[in-house]
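Peer 1: Fold the following for me, if possible:
(one chain, ligands or ions: 1)
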Amino acid sequence: MAKILITGGAGYIGSHTVRLMSEKGYEIIVLDNLVYGHREAILNPEIELVVGDLGDTELVGRLFEYHDIEAVIHFAAYAFVGESVTDPEKYYQNNIAAPLNLIAVMRKYGCNNFIFSSTCATYGNPEYAPLDENHPQNPINPYGQSKLMLEKILKDYHKAYNFNYAFLRYFNASGASPDGLIGEDHNPETHLIPLILDAVNGDRPHITVFGTDYETQDGTCVRDYIHVDDLATAHIAALEHLKAGKPPVICNLGTGNGVSVKEMIAAVEEVTGKQVPVVYGERRAGDPPFLFANATHAKAVLGWEAKYKDVKDIISHAWTWKTGARGGKY
Ligand code: UDP
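Peer 2: Below you'll find the predicted structure:
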(Lines give C-alpha, C1' and ligand atoms only; values in the text may rest on other atoms or scores of the structure.)
Protein backbone atom coordinates (compact mmCIF):
# COMPACT_ATOMS: atom_id res chain seq x y z
CA MET A 1 0.00 0.00 0.00
CA ALA A 2 1.37 3.39 -0.97
CA LYS A 3 2.17 5.71 1.91
CA ILE A 4 1.42 9.30 2.83
CA LEU A 5 4.28 11.45 4.10
CA ILE A 6 3.14 13.90 6.77
CA THR A 7 5.63 16.66 7.50
CA GLY A 8 5.14 18.33 10.86
CA GLY A 9 3.03 15.37 11.95
CA ALA A 10 4.10 15.82 15.58
CA GLY A 11 2.74 19.37 15.67
CA TYR A 12 -0.70 20.54 16.71
CA ILE A 13 -2.76 20.11 13.54
CA GLY A 14 -0.42 17.44 12.14
CA SER A 15 -0.79 15.13 15.13
CA HIS A 16 -4.58 15.26 15.05
CA THR A 17 -4.51 14.47 11.34
CA VAL A 18 -2.05 11.62 11.90
CA ARG A 19 -4.33 10.19 14.56
CA LEU A 20 -7.48 10.29 12.41
CA MET A 21 -5.67 8.96 9.36
CA SER A 22 -4.12 6.07 11.25
CA GLU A 23 -7.55 5.21 12.67
CA LYS A 24 -8.83 5.12 9.09
CA GLY A 25 -6.07 2.73 8.03
CA TYR A 26 -3.79 5.01 6.02
CA GLU A 27 -0.10 4.07 5.90
CA ILE A 28 1.75 7.07 7.27
CA ILE A 29 5.31 8.24 7.72
CA VAL A 30 5.91 11.36 9.78
CA LEU A 31 8.85 13.70 9.21
CA ASP A 32 9.27 16.23 12.01
CA ASN A 33 12.32 17.98 13.46
CA LEU A 34 10.58 18.16 16.88
CA VAL A 35 11.55 21.83 17.26
CA TYR A 36 7.91 22.70 18.01
CA GLY A 37 6.40 19.23 17.67
CA HIS A 38 6.07 16.60 20.39
CA ARG A 39 6.96 12.94 20.03
CA GLU A 40 4.17 12.10 22.52
CA ALA A 41 1.57 13.69 20.21
CA ILE A 42 1.83 10.65 17.96
CA LEU A 43 -0.21 8.18 19.93
CA ASN A 44 0.10 5.11 17.72
CA PRO A 45 3.53 3.57 18.36
CA GLU A 46 3.39 1.76 15.02
CA ILE A 47 3.67 5.02 13.12
CA GLU A 48 7.15 5.69 11.82
CA LEU A 49 8.46 9.05 13.05
CA VAL A 50 11.56 10.25 11.24
CA VAL A 51 13.24 13.06 13.15
CA GLY A 52 14.89 15.43 10.73
CA ASP A 53 14.65 18.56 8.64
CA LEU A 54 12.83 19.11 5.40
CA GLY A 55 15.86 20.96 4.14
CA ASP A 56 17.97 17.80 4.53
CA THR A 57 17.74 16.76 0.89
CA GLU A 58 19.65 13.55 1.48
CA LEU A 59 17.34 12.40 4.27
CA VAL A 60 14.22 13.34 2.31
CA GLY A 61 15.66 11.55 -0.72
CA ARG A 62 16.12 8.37 1.32
CA LEU A 63 12.52 8.56 2.51
CA PHE A 64 11.34 8.53 -1.08
CA GLU A 65 13.86 5.90 -2.11
CA TYR A 66 12.82 3.41 0.56
CA HIS A 67 9.07 4.11 0.66
CA ASP A 68 6.41 4.25 -1.99
CA ILE A 69 4.98 7.69 -1.20
CA GLU A 70 1.96 8.81 -3.20
CA ALA A 71 1.25 12.15 -1.52
CA VAL A 72 2.64 14.62 0.99
CA ILE A 73 0.62 16.51 3.57
CA HIS A 74 2.82 19.42 4.47
CA PHE A 75 2.24 20.88 7.94
CA ALA A 76 5.84 21.61 8.89
CA ALA A 77 6.20 25.38 9.20
CA TYR A 78 6.86 28.09 11.72
CA ALA A 79 3.71 29.96 12.62
CA PHE A 80 4.43 32.66 15.18
CA VAL A 81 3.38 35.92 13.53
CA GLY A 82 5.34 38.19 15.89
CA GLU A 83 8.52 36.17 15.49
CA SER A 84 8.15 36.29 11.71
CA VAL A 85 8.38 40.09 11.95
CA THR A 86 11.53 40.07 14.10
CA ASP A 87 13.22 37.13 12.37
CA PRO A 88 11.88 36.89 8.79
CA GLU A 89 14.84 34.85 7.58
CA LYS A 90 13.80 31.98 9.82
CA TYR A 91 10.36 32.06 8.20
CA TYR A 92 11.48 32.35 4.60
CA GLN A 93 14.08 29.60 5.08
CA ASN A 94 11.80 27.19 6.87
CA ASN A 95 8.48 27.96 5.18
CA ILE A 96 9.75 28.37 1.61
CA ALA A 97 13.31 27.15 1.04
CA ALA A 98 12.87 23.90 3.01
CA PRO A 99 9.64 22.80 1.30
CA LEU A 100 11.21 23.62 -2.08
CA ASN A 101 13.82 20.97 -1.27
CA LEU A 102 11.09 18.51 -0.40
CA ILE A 103 9.15 19.29 -3.57
CA ALA A 104 12.27 18.85 -5.71
CA VAL A 105 12.69 15.37 -4.24
CA MET A 106 9.00 14.61 -4.74
CA ARG A 107 9.27 15.53 -8.42
CA LYS A 108 12.38 13.39 -8.82
CA TYR A 109 10.44 10.40 -7.53
CA GLY A 110 7.27 11.19 -9.49
CA CYS A 111 5.19 12.07 -6.42
CA ASN A 112 2.95 14.95 -7.50
CA ASN A 113 0.32 15.34 -4.81
CA PHE A 114 0.93 18.10 -2.27
CA ILE A 115 -1.50 19.20 0.40
CA PHE A 116 -0.41 22.51 1.80
CA SER A 117 -1.31 24.16 5.13
CA SER A 118 -2.03 27.69 4.07
CA THR A 119 -3.74 30.35 6.11
CA CYS A 120 -6.24 33.17 6.18
CA ALA A 121 -3.18 35.31 7.05
CA THR A 122 -2.48 35.32 3.29
CA TYR A 123 -5.47 37.65 2.88
CA GLY A 124 -4.13 40.38 5.14
CA ASN A 125 -6.61 43.05 6.27
CA PRO A 126 -10.07 41.97 5.15
CA GLU A 127 -11.85 44.11 2.59
CA TYR A 128 -15.11 42.26 3.23
CA ALA A 129 -16.42 39.31 5.24
CA PRO A 130 -17.10 36.48 5.11
CA LEU A 131 -13.88 35.97 3.16
CA ASP A 132 -14.06 33.74 0.13
CA GLU A 133 -11.08 32.28 -1.71
CA ASN A 134 -11.09 35.14 -4.24
CA HIS A 135 -10.52 37.79 -1.59
CA PRO A 136 -7.33 39.76 -2.48
CA GLN A 137 -4.19 38.36 -0.87
CA ASN A 138 -2.08 41.10 0.73
CA PRO A 139 -0.42 39.57 3.78
CA ILE A 140 0.74 42.02 6.44
CA ASN A 141 3.51 39.95 8.03
CA PRO A 142 6.32 37.65 6.86
CA TYR A 143 4.46 34.56 8.12
CA GLY A 144 1.50 35.23 5.80
CA GLN A 145 3.89 36.32 3.07
CA SER A 146 5.83 33.05 3.29
CA LYS A 147 2.63 31.03 2.91
CA LEU A 148 1.46 33.13 -0.03
CA MET A 149 4.84 32.84 -1.77
CA LEU A 150 4.74 29.05 -1.57
CA GLU A 151 1.19 29.11 -2.96
CA LYS A 152 2.43 31.16 -5.95
CA ILE A 153 5.39 28.85 -6.52
CA LEU A 154 3.12 25.81 -6.46
CA LYS A 155 0.80 27.40 -9.02
CA ASP A 156 3.80 27.83 -11.34
CA TYR A 157 4.86 24.22 -10.71
CA HIS A 158 1.38 23.07 -11.61
CA LYS A 159 1.46 24.91 -14.93
CA ALA A 160 4.97 23.83 -15.83
CA TYR A 161 5.21 20.33 -14.33
CA ASN A 162 1.61 19.33 -13.71
CA PHE A 163 2.45 19.20 -10.00
CA ASN A 164 -0.85 18.95 -8.17
CA TYR A 165 -1.81 20.81 -5.00
CA ALA A 166 -4.48 21.56 -2.45
CA PHE A 167 -4.18 24.84 -0.56
CA LEU A 168 -6.11 24.68 2.69
CA ARG A 169 -6.38 28.15 4.15
CA TYR A 170 -7.08 27.69 7.83
CA PHE A 171 -8.87 30.21 9.95
CA ASN A 172 -8.26 29.86 13.74
CA ALA A 173 -7.27 26.27 14.52
CA SER A 174 -8.49 25.35 17.98
CA GLY A 175 -9.76 22.59 20.27
CA ALA A 176 -8.35 19.13 20.94
CA SER A 177 -9.24 15.49 20.42
CA PRO A 178 -12.65 14.99 22.07
CA ASP A 179 -11.13 12.40 24.46
CA GLY A 180 -8.47 14.94 25.46
CA LEU A 181 -5.55 12.57 24.75
CA ILE A 182 -3.87 15.03 22.40
CA GLY A 183 -4.27 18.77 22.10
CA GLU A 184 -2.63 22.15 21.71
CA ASP A 185 0.76 22.76 23.38
CA HIS A 186 2.65 25.74 21.98
CA ASN A 187 5.67 27.32 23.59
CA PRO A 188 5.22 30.24 23.87
CA GLU A 189 1.43 30.05 23.83
CA THR A 190 -0.13 33.02 22.05
CA HIS A 191 -3.58 31.68 21.14
CA LEU A 192 -6.76 32.87 22.73
CA ILE A 193 -8.47 29.68 23.91
CA PRO A 194 -5.53 28.02 25.70
CA LEU A 195 -4.66 31.37 27.30
CA ILE A 196 -8.20 31.80 28.60
CA LEU A 197 -8.19 28.22 29.93
CA ASP A 198 -4.86 28.89 31.65
CA ALA A 199 -6.44 31.91 33.32
CA VAL A 200 -9.46 29.88 34.42
CA ASN A 201 -7.17 27.19 35.83
CA GLY A 202 -4.93 29.62 37.70
CA ASP A 203 -1.90 28.89 35.50
CA ARG A 204 -1.93 32.55 34.45
CA PRO A 205 -3.23 35.47 36.49
CA HIS A 206 -5.71 36.66 33.83
CA ILE A 207 -6.45 36.94 30.13
CA THR A 208 -5.76 40.31 28.55
CA VAL A 209 -8.31 41.28 25.92
CA PHE A 210 -6.39 42.98 23.15
CA GLY A 211 -8.53 45.99 22.28
CA THR A 212 -12.13 46.90 23.01
CA ASP A 213 -12.59 49.69 20.46
CA TYR A 214 -12.82 47.71 17.22
CA GLU A 215 -15.77 48.26 14.93
CA THR A 216 -17.36 44.95 15.78
CA GLN A 217 -20.54 44.03 17.66
CA ASP A 218 -18.93 44.38 21.11
CA GLY A 219 -15.67 46.19 20.27
CA THR A 220 -13.46 43.08 20.45
CA CYS A 221 -11.91 41.16 17.55
CA VAL A 222 -13.94 38.56 15.73
CA ARG A 223 -12.45 35.29 14.50
CA ASP A 224 -13.61 32.00 12.99
CA TYR A 225 -12.51 29.17 15.30
CA ILE A 226 -12.25 25.83 13.54
CA HIS A 227 -11.87 22.54 15.41
CA VAL A 228 -8.56 20.81 14.84
CA ASP A 229 -10.32 17.51 14.06
CA ASP A 230 -12.36 19.31 11.39
CA LEU A 231 -9.10 20.51 9.89
CA ALA A 232 -7.90 16.91 9.96
CA THR A 233 -10.94 15.61 8.06
CA ALA A 234 -10.49 18.36 5.46
CA HIS A 235 -6.94 17.11 4.81
CA ILE A 236 -8.23 13.60 4.27
CA ALA A 237 -10.86 14.92 1.85
CA ALA A 238 -8.20 16.92 -0.03
CA LEU A 239 -5.94 13.87 -0.16
CA GLU A 240 -8.67 11.74 -1.69
CA HIS A 241 -9.45 14.53 -4.17
CA LEU A 242 -5.84 14.66 -5.40
CA LYS A 243 -5.42 10.87 -5.37
CA ALA A 244 -8.46 10.66 -7.66
CA GLY A 245 -6.53 12.78 -10.18
CA LYS A 246 -8.78 15.80 -9.83
CA PRO A 247 -7.47 19.32 -10.47
CA PRO A 248 -5.84 21.59 -7.87
CA VAL A 249 -8.08 22.89 -5.15
CA ILE A 250 -7.99 26.02 -2.97
CA CYS A 251 -10.28 26.11 0.06
CA ASN A 252 -10.92 28.18 3.11
CA LEU A 253 -11.36 26.05 6.21
CA GLY A 254 -13.60 27.68 8.76
CA THR A 255 -17.07 27.35 10.20
CA GLY A 256 -18.33 30.63 8.76
CA ASN A 257 -19.21 31.84 12.29
CA GLY A 258 -17.53 34.91 13.68
CA VAL A 259 -16.94 34.82 17.45
CA SER A 260 -15.68 37.86 19.37
CA VAL A 261 -13.12 37.71 22.18
CA LYS A 262 -15.80 38.69 24.68
CA GLU A 263 -18.15 36.02 23.36
CA MET A 264 -15.36 33.48 23.69
CA ILE A 265 -14.77 34.42 27.32
CA ALA A 266 -18.51 34.10 28.06
CA ALA A 267 -18.58 30.68 26.34
CA VAL A 268 -15.60 29.50 28.41
CA GLU A 269 -17.41 30.56 31.58
CA GLU A 270 -20.46 28.61 30.48
CA VAL A 271 -18.52 25.44 29.61
CA THR A 272 -16.22 25.40 32.64
CA GLY A 273 -18.65 26.88 35.16
CA LYS A 274 -15.83 29.14 36.35
CA GLN A 275 -15.21 32.85 36.11
CA VAL A 276 -12.49 34.08 33.78
CA PRO A 277 -10.22 36.76 35.27
CA VAL A 278 -10.13 39.44 32.57
CA VAL A 279 -8.02 42.55 32.02
CA TYR A 280 -8.88 44.90 29.18
CA GLY A 281 -5.77 46.03 27.30
CA GLU A 282 -4.58 47.79 24.19
CA ARG A 283 -4.91 46.47 20.66
CA ARG A 284 -2.21 44.00 19.56
CA ALA A 285 -0.33 45.28 16.50
CA GLY A 286 -1.35 43.59 13.26
CA ASP A 287 -4.71 42.17 14.42
CA PRO A 288 -7.45 42.70 11.83
CA PRO A 289 -10.83 43.53 13.45
CA PHE A 290 -12.66 40.56 11.96
CA LEU A 291 -11.80 37.44 10.00
CA PHE A 292 -14.33 34.77 9.21
CA ALA A 293 -14.67 32.42 6.33
CA ASN A 294 -17.05 31.77 3.57
CA ALA A 295 -16.44 28.02 3.70
CA THR A 296 -18.97 26.98 1.08
CA HIS A 297 -16.34 26.22 -1.56
CA ALA A 298 -14.83 23.41 0.54
CA LYS A 299 -18.25 21.83 0.75
CA ALA A 300 -18.83 22.13 -2.99
CA VAL A 301 -15.47 20.81 -4.10
CA LEU A 302 -14.41 18.45 -1.29
CA GLY A 303 -17.74 17.59 0.29
CA TRP A 304 -16.27 18.87 3.55
CA GLU A 305 -17.82 21.05 6.18
CA ALA A 306 -17.08 21.67 9.83
CA LYS A 307 -18.72 19.22 12.22
CA TYR A 308 -18.08 21.35 15.32
CA LYS A 309 -19.92 24.57 14.60
CA ASP A 310 -20.54 25.52 18.23
CA VAL A 311 -17.51 27.05 19.87
CA LYS A 312 -18.60 25.42 23.15
CA ASP A 313 -17.66 22.00 21.73
CA ILE A 314 -14.22 23.35 20.86
CA ILE A 315 -13.80 24.80 24.36
CA SER A 316 -15.07 21.63 26.01
CA HIS A 317 -12.50 19.45 24.18
CA ALA A 318 -9.70 21.91 24.93
CA TRP A 319 -10.79 21.91 28.57
CA THR A 320 -10.74 18.08 28.66
CA TRP A 321 -7.15 18.21 27.33
CA LYS A 322 -6.20 20.93 29.82
CA THR A 323 -7.67 19.13 32.85
CA GLY A 324 -6.60 15.65 31.72
CA ALA A 325 -3.67 13.49 32.73
CA ARG A 326 -1.13 15.63 30.89
CA GLY A 327 -2.56 18.94 32.05
CA GLY A 328 -2.49 20.33 28.54
CA LYS A 329 1.27 19.77 28.12
CA TYR A 330 3.30 16.98 26.53
N1 UDP B 1 -6.42 37.71 21.81
C2 UDP B 1 -6.61 38.42 23.00
N3 UDP B 1 -5.79 38.14 24.05
C4 UDP B 1 -4.80 37.22 23.99
C5 UDP B 1 -4.63 36.48 22.79
C6 UDP B 1 -5.46 36.77 21.72
O7 UDP B 1 -7.49 39.27 23.10
O8 UDP B 1 -4.07 37.04 24.99
C9 UDP B 1 -7.30 37.99 20.66
C10 UDP B 1 -6.53 38.49 19.45
O11 UDP B 1 -6.47 39.88 19.44
C12 UDP B 1 -7.39 37.93 18.30
C13 UDP B 1 -8.04 36.70 18.88
O14 UDP B 1 -7.89 36.78 20.29
O15 UDP B 1 -8.39 38.83 17.98
C16 UDP B 1 -7.40 35.42 18.39
O17 UDP B 1 -6.00 35.51 18.59
P18 UDP B 1 -5.05 34.29 18.35
O19 UDP B 1 -3.66 34.74 18.70
O20 UDP B 1 -5.58 33.09 19.05
O21 UDP B 1 -5.17 33.99 16.79
P22 UDP B 1 -4.95 34.93 15.51
O23 UDP B 1 -6.32 35.38 15.11
O24 UDP B 1 -4.06 36.07 15.92
O25 UDP B 1 -4.34 34.04 14.52
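
Peer 1: ok, which stretches of the chain are strands?
Peer 2: Assignment of strands within the chain using DSSP state E yields the ranges 3-7, 28-32, 48-51, 69-74, 113-119, 164-170, 172-174, 207-210, 222-223, 225-227, 249-253, 259-260, 278-281, 290-291.

Peer 1: okay, those, which one's buried deepest?
Peer 2: Mean neighbour count, computed with mean count of other Cβ atoms under 10 Å, is highest for strand 225-227 among the strands of the chain, reaching a mean of 27. For the C-beta atoms, the positions are set from N, CA and C on the backbone; glycine is no exception.

Peer 1: List the neighbouring strands of that strand plus their orientation.
Peer 2: Here strand 225-227 is paired, per DSSP bridges, with strand 172-174 (parallel).

Peer 1: my read: Val261 touches His191, true?
Peer 2: No - Val261 is beyond contact range of His191, at 11.8 Å (criterion: Cβ atoms under 8 Å).

Peer 1: And these two? Which one has more around it.
Peer 2: Ranked by neighbour count (other Cβ atoms under 10 Å), Val261 and His191 place Val261 first, with 26 against 15.

Peer 1: what's near enough to touch the closest residue to the more buried one other than its chain neighbours?
Peer 2: Excluding the flanking residues, the one nearest Val261 by Cβ to Cβ, 6 or more residues apart in numbering is Thr220, at 3.8 Å. Applying Cβ atoms under 8 Å, 6 or more residues apart in numbering to Thr220 gives the contacts Val209, Gly211, Thr212, Tyr214, Ser260, Val261, Lys262.

Peer 1: number of nearby residues for the fourth one?
Peer 2: Yep, that's Tyr214 we're talking about. For Tyr214, the count of nearby residues is 19 (other Cβ under 10 Å).

Peer 1: Going forward, count from 883.
Peer 2: Sure, I'll start numbering at 883, so the last one becomes Tyr1096.

Peer 1: Any idea how many residues pack against the residue in the stretch 983-1132 of the chain that the ligand sits nearest to?
Peer 2: Nearest residue of the stretch 983-1132 of the chain to the ligand: Cys1103, at 2.9 Å (Cβ to the nearest ligand atom). Close neighbours of Cys1103, defined as other Cβ under 10 Å, add up to 24.

Peer 1: and it, what does it touch?
Peer 2: Residues counted as contacts of Cys1103 (Cβ under 8 Å, 6+ apart) are Phe1092, Gly1093, Tyr1096, Ser1142, Val1143, Asp1169, Pro1170, Pro1171, Phe1172.

Peer 1: how far away is the last one from Asn994?
Peer 2: Distance of Phe1172 to Asn994, computed by Cβ to Cβ, to the nearest Å: 37 Å.

Peer 1: now swap in Lys1181 and tell me
Peer 2: Lys1181 sits 26 Å away from Asn994, going by Cβ to Cβ.

Peer 1: Which one's more surrounded, these two?
Peer 2: Taking neighbours as other Cβ under 10 Å, Lys1181 and Asn994 compare with Asn994 leading, 20 against 13.

Peer 1: Would you agree that one is in contact with Val954?
Peer 2: No - taking contacts as Cβ under 8 Å, Asn994 lies outside contact range of Val954: 9.7 Å.

Peer 1: which residues do these two both contact?
Peer 2: Met988.

Peer 1: Let me see the backbone angles for Asp935.
Peer 2: Main-chain torsions, Asp935, degrees, to the nearest 10: phi -100, psi 150.

Peer 1: what sits against it?
Peer 2: Going by Cβ under 8 Å, 6+ apart, Asp935 touches Asn915, Leu941, Ala980.

Peer 1: For the stretch 1033-1182 of the chain, list the residues in contact with the ligand, please.
Peer 2: The stretch 1033-1182 of the chain comes close to the ligand at residues 1054, 1072-1074, 1077, 1089-1092, 1103, 1105, 1143, 1166, 1169, as judged by Cβ under 6 Å from any ligand atom.

Peer 1: With pLDDT and distance to Phe946 added, can I get those in CSV?
Peer 2: Output for these, formatted as CSV (pLDDT from 0 to 100; distance: Cβ to Cβ, whole Å):
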residue, pLDDT, distance to Phe946
Asn1054, 98, 34
Thr1072, 93, 35
His1073, 96, 34
Leu1074, 98, 39
Leu1077, 98, 40
Ile1089, 98, 45
Thr1090, 98, 46
Val1091, 98, 48
Phe1092, 97, 44
Cys1103, 97, 43
Arg1105, 97, 38
Val1143, 98, 44
Arg1166, 90, 42
Asp1169, 89, 41
